[in-house]
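1. Fold the following for me, if possible:
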Amino acid sequence: MLKHMVRLTVDLTIKEETFNEFEAIARTMIAGSQKEPGTLGYDFFLSDDRKRCRLVESYADADAVLAHFKGPVVQELVPRLLETSSLTGFEVYGNPGPEATQMLKGFGAEIFDFWDGLTR
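-> Take a look at the predicted model:
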């Protein structure tokens, strides 16, 4: 199962004077992602100055990634989040499947396919 897991890291720079709006949208995104089957983790991390954010996402498999990208969190809320921040990095770990790969590349994501390792 772990070889099928897909993880994403999204780096964002929060625009001046928009943190409160950014925070409200992020919390709505968390609530929406929590309802998605196959979404294992959806965690926001902030720098000390609250100007940079890293979103770490984990999905059970490629189907869960595709469902997330076709769902309201990405389709409705990501455009709003990008009004308050700019995308500065995007990496995908694992195989998100062909359709999600095209969507992710449209966001500028770099995809790293699983090679070998240990996850407990």
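2. can you pull the contacts of residue 85?
-> Applying CB atoms under 8 Å, 6 or more residues apart in numbering to residue 85 gives the contacts 12-15, 18, 22, 53. Where C-beta positions appear, they are placed from N, C-alpha and C, glycine not excepted.
3. which one of these is nearest residue 63?
-> residue 12 (25.8 Å; CB to CB).
4. Mind giving me the packing neighbours of the longest helix belonging to the chain?
-> When the chain is parsed with DSSP state H, its longest helix is helix 19-34. On a contact count with 3 or more CB pairs under 8 Å, 6 or more residues apart in numbering; DSSP states H and E, helix 19-34 meets strand 39-46, strand 52-59, helix 78-84.
5. Got a quick PyMOL command for the buried subset of the contacts of residue 85?
-> Remark: buried members of the contacts of residue 85, expressed as a PyMOL selection using 16 or more other CB atoms under 10 Å:
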select buried, resi 12+14+22+53
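6. hang on, the earlier thing: can you put the helices and strands packed on helix 19-34 in TSV and add mean pLDDT and distance to residue 114?
-> Shown next, in TSV, are the helices and strands packed on helix 19-34 (pLDDT from 0 to 100; distance: least, CB to CB, whole Å):
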stretch	mean pLDDT	distance to residue 114
strand 39-46	98	16
strand 52-59	98	13
helix 78-84	98	25
